[in-house]
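J.: Structure, please.
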Amino acid sequence: MPDEDFSIQASALNHWFGVGEASKQALFDIDLRIKRGSFIVMVGPSGSGKTTLLTLLGCLREIQDGSVLLLGKELRNATSAQNVRLRRRLGFIFQAHNLHESLTARQNVLMGLQVKGYLDREASDKAAAHVLTLLGLSDRLDYLPANLSGGQKQRVAIGRALVGNPDVVLADEPTAALDWETAAKVVDLLKQLGQARATTTMMVTHDNRILDRADRILTLEDGRLAGDEDRIGKGLES
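T.: Have a look, this model is predicted:
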């Protein structure tokens, strides 16, 4: 049953790639309960299933076996329309910034609102400028990606994910291209959203600098949940 205190509830979640004799299991019996507003870091060696789990939780892959409740909605056997509605409540940040090269920083961020159905142009412009300013890009609003550094491009991509006030942020190595000062600002902003708006963040990272800021650290090894550490004693369940 859905529990409103939790953004994500996964039970007996398994996943395979390939079919028949070529099939290979990537995730094994994952059980998770992620509280609203928490900042979760997921670590583990390359190939351990972190990104696979993230994409399953974000409606980007079909649930093959087990159950995932995202914001109270069951993902297994969900229709395409149901998945689209849920994805509009999420923010995605990936290591590849995937910016549109013909659009300015502000216009790229505006796309994060347009896909969610926001049509008020004046309010959207203000929101885009606000989030870019929070990310230290107030003087780069009208720059094209070709005129931005790698770290600046990544901050634009982060702004695009956050501008619509998502209920859940799913982030895959979002700080890899950032210096520590900027990475810390991004993490602190995500934590502030958790406190102010109950936004839940689940971040895959190899950046050990982030660990001290996590509310909870999940460790995946060989497709299995091998560790679950509550860092702040909030009684988070798994």
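J.: helices or strands up against the longest helix belonging to the chain?
T.: In the chain, with assignment by DSSP state H, the single longest helix is helix 180-197. Secondary-structure packing of helix 180-197 (3 or more CB pairs under 8 Å, 6 or more residues apart in numbering; DSSP states H and E): strand 39-43, helix 150-162, strand 168-172, strand 200-204. (Each C-beta comes from the backbone N, C-alpha and C, glycine too.)
J.: and the angle for it with helix 150-162?
T.: On the basis of axes from the mean of the first three to the mean of the last three CA atoms, to 10 degrees, helix 180-197 is oriented at 10 degrees to helix 150-162.
J.: Can you give the contact residues for the lowest-mean-pLDDT helix or strand in the chain?
T.: One helix or strand of the chain scores below all others by mean pLDDT, DSSP states H and E: helix 180-197, with a mean of 89. With contacts defined as CB atoms under 8 Å, 6 or more residues apart in numbering, helix 180-197 is touched by 37-39, 134-136, 151, 155, 158, 162, 165, 169, 171, 174-175, 178, 199-201, 203, 207, 209-210, 213.
J.: What's the ChimeraX line that selects buried ones from those?
T.: Selection of buried members from those for ChimeraX, criterion 16 or more other CB atoms under 10 Å:
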select :37,38,39,134,135,151,155,158,162,169,171,174,175,178,199,200,201,203,207,210,213
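J.: And the strands in the chain?
T.: 6-17, 24-35, 39-43, 65-70, 73-74, 90-94, 168-172, 200-204, 216-221, 224-230 (DSSP state E).
J.: one step back: restricting to C-alpha, output the longest helix of the chain in CSV.
T.: The C-alpha atoms that make up helix 180-197 are tabulated as CSV, following Å, rounded to 0.1, in the frame of the first residue of the first chain:
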residue,chain,number,x,y,z
TRP,A,180,34.3,21.2,-5.1
GLU,A,181,33.0,24.7,-4.3
THR,A,182,30.3,24.5,-7.1
ALA,A,183,29.5,20.9,-6.3
ALA,A,184,28.9,21.8,-2.7
LYS,A,185,26.6,24.6,-3.7
VAL,A,186,24.6,22.2,-5.9
VAL,A,187,24.3,19.6,-3.1
ASP,A,188,23.3,22.3,-0.6
LEU,A,189,20.6,23.6,-3.0
LEU,A,190,19.2,20.1,-3.3
LYS,A,191,19.2,19.7,0.4
GLN,A,192,17.4,23.0,0.9
LEU,A,193,14.8,21.9,-1.6
GLY,A,194,14.3,18.8,0.5
GLN,A,195,13.8,20.9,3.7
ALA,A,196,11.6,23.6,2.1
ARG,A,197,9.5,21.6,-0.4
